[in-house]
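# below: sequence and its predicted model.
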2 protein chains.
Amino acid sequence: VKAGGGFSVVPIPVAGEVIPGCRLGDLVLESAAKARVKIKDDDVIVVTQKIVSKAEGRVVEVDALDPQARRNLTVSEASRIVRSRAGLIITETKHGFVCANSGIDSSNVAPGFAGLLPIDPDASARRIRSRIKALAGLDIAVIISDTFGRAWRIGQTNIAIGIAGMRATRNYAGTKDVFGTSLHATNIAVADELAGAAELVMGKAEGVPLALIRGVKVVRGRGNARDLARPAQDDLFR
Amino acid sequence: VKAGGGFSVVPIPVAGEVIPGCRLGDLVLESAAKARVKIKDDDVIVVTQKIVSKAEGRVVEVDALDPQARRNLTVSEASRIVRSRAGLIITETKHGFVCANSGIDSSNVAPGFAGLLPIDPDASARRIRSRIKALAGLDIAVIISDTFGRAWRIGQTNIAIGIAGMRATRNYAGTKDVFGTSLHATNIAVADELAGAAELVMGKAEGVPLALIRGVKVVRGRGNARDLARPAQDDLFR
């Protein structure tokens, strides 16, 4: 396929288990080298939340068979309960994200444990970006992704919970379509679309927690995934 | 970048304006040839809703300056009003999709007109797929994409409103993670992630209504994007 104007998404496997204190910038560079993927300036590296949480010690012991213990953990990680019904709690996290169980889940962590969201995933992304810059001199963007459900639609998609080195959205305010009509209402959540694209090469069952995206037009500069969380007072569905 | 296990997304520009009666299967093949993109079996072709609506005559005259006329049109395309406030109506369409203004919008249509959603976008996708099979013998998947807003999050993403030749989701029920934990709750909306990935090469301002995705693992077979619309009775946010 001719790649003129297109982009590519490549999985980067990670060998072994990520432990607390692991420097993820180092891990990205080592894993890419092992996979013979040569990172370049302007690449986007997508990192799954789970290894960020493991590296930051955000994994806790919880009895999978004790619903009350799990519920208490969900509530302790929430700033608000949005909806609750048998077996399902939708919360707003302390970051402002709305998701099931405050983003806590037990996949790809040791049995008897659960992963919590990083305290500040934008800061996590900035640390990975800075470390890669320091070690390899590369100017890349970083996205921390997680798998969230949606209102109204079946199935989950990966979205961005942390970013560094890029803006979260591409805003068309001030641009016009091919007929000259103003595209003032269009503000594309590019970071979420990139996280979703990366999910397609990661796969929950295969243990691929990193992906590289090359050739995509993102708006570089300082951005925050926290800006993708709609404030509760502007939201019609909370 | 080494593409081992990865995938690529390539824009396919379309010359000129799509008119009612246009056979989109022909248009895909002609436009790909012009862009020197050689389509292969198992590629996914993403087609924006707007050209499907144009080809199917789903473009109507409406006075952009008459809010009541626009509201009437929104209501006539809806099966239910989900939320309404100044300048914004969130509806459930007759397909079961929840979106702003029943999916009606004025971008990339002639001034004074608006595009409505296709009557049956899954059928539209199947027609494109069949036509490409008949003309070129290629066994591809087709996604019709549109730009929808979300609850809880800022910005829009492209999602799938029609599919053919693939399943809408990848369901992990029955599979296990690297620790042997069952991934019973994971059902990834792959078609939505692919539509979002394609958006990144399309761009509303540049008039690129087609994209080709190669190398992605989708579950082939008969699927429907309508299955991605969560039934109202199962939805906590309607």
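That came through fine.

# buried residues in stretch A:37-44, which are they?
Residues of stretch A:37-44 classed as buried by neighbour count (16 or more other CB atoms under 10 Å in any protein chain shown): A:37, A:39, A:42-44. (C-beta placed from N, C-alpha, C; glycine too.)

# residue A:7: which of these is nearest?
Distances from residue A:7 to the buried residues of stretch A:37-44, taken as CB to CB, are shortest for residue A:44 (9.0 Å).

# so that closest one touches residue A:215, yeah?
No. Using CB atoms under 8 Å, residue A:44 is not in contact with residue A:215; the gap is 9.7 Å.

# that's a strand at residue A:193, yeah?
No. Read with DSSP: H, G, I helix; E, B strand; the rest coil, residue A:193 is helix and lies in no strand.

# low pLDDT regions in chain A?
Low-confidence segments of chain A (pLDDT under 70): A:1-4.

# next, name the residue at the spatial heart of it.
Nearest to the geometric centre of chain A sits residue A:145, at 1.5 Å (CA atoms, centre = their mean).

# so who does that residue touch?
Residues in contact with residue A:145 (CB atoms under 8 Å, 6 or more residues apart in numbering or on different chains) are A:46-49, A:158-161, A:195, A:198-199.

# which of those residues ranks first by neighbour count?
Neighbour tally across the contacts of residue A:145 (other CB atoms under 10 Å in any protein chain shown): the maximum, 34 neighbours, falls on residue A:195.

# looks like that residue contacts residue A:158 (just checking).
Yes. Contact criterion CB under 8 Å: residue A:195 and residue A:158 qualify, at 4.4 Å.

# what is in contact with the two at once?
Both residue A:195 and residue A:158 are in contact with A:145-146, where contact means CB under 8 Å, 6+ apart.

# any idea how far residue A:112 is from residue A:59?
10 Å (CB to CB, to the nearest Å).

# so the two - more neighbours on which side?
Using other CB under 10 Å as the criterion, residue A:112 and residue A:59 rank with residue A:59 on top: 20 against 12.

# dump the residue contacts of the more buried one.
The contact partners of residue A:59, by CB under 8 Å, 6+ apart, come to A:20, A:53, A:109, A:113-116.

# let me know the closest of the buried residues of stretch A:37-44 to chain B.
residue A:37 (5.6 Å; CB to the nearest CB).

# hey, where'd the helices end up in chain A?
Along chain A, counting by DSSP state H, helices occupy A:24-34, A:49-55, A:67-76, A:121-136, A:190-202.

# wait, which of those is closest to chain B?
Going by CB to the nearest CB, the one of the helices of chain A nearest chain B is helix A:190-202, 3.7 Å.

# now check the closest one, is it near chain B?
Yes. With CB under 8 Å from any CB of the partner chain as the measure, helix A:190-202 is seen reaching chain B through A:190, A:192-194, A:196-197, A:199-201.

# quick one on the thing from earlier: from residue B:193, how far out is the residue nearest to the centre of chain A?
Distance of residue A:145 to residue B:193, computed by CB to CB: 11 Å.

# which neighbours do these two share?
A:158, A:199.

# tell me the contacts of residue A:85?
Contacts of residue A:85 by CB under 8 Å, 6+ apart are residue B:236.

# excluding its backbone neighbours, what's nearest the residue nearest to the centre of chain A?
residue A:195 (3.8 Å; CB to CB, 6 or more residues apart in numbering or on different chains).

# which ones are touching that neighbour?
By CB under 8 Å, 6+ apart, the contact set of residue A:195 is A:46, A:143, A:145-146, A:157-160.

# quick one: contacts for residue A:155?
The contact partners of residue A:155, taken as CB under 8 Å, 6+ apart, are A:149, B:168-169, B:187-190, B:192, B:228.

# sorry, back to before: can you pick the most crowded of the residues of helix A:190-202 next to chain B?
The residue in those with the most neighbours, by other CB under 10 Å, is residue A:196 (32 neighbours).

# pretty sure that one sits against residue B:191.
No. If you go by CB under 8 Å, residue A:196 and residue B:191 don't touch, sitting 10.7 Å apart.

# burial of the residue nearest to residue A:116 when sequence neighbours are not counted, as a residue count?
Counting by CB to CB, 6+ apart, residue A:116 lies nearest to residue A:58, which is 4.4 Å off, once chain neighbours are set aside. Close neighbours of residue A:58, defined as other CB under 10 Å, add up to 20.

# CSV for the contacts of residue A:195, including distance to residue A:177?
Below are the contacts of residue A:195 laid out as CSV (distance: CB to CB, whole Å):
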residue, distance to residue A:177
A:46, 30
A:143, 28
A:145, 30
A:146, 33
A:157, 26
A:158, 29
A:159, 27
A:160, 26
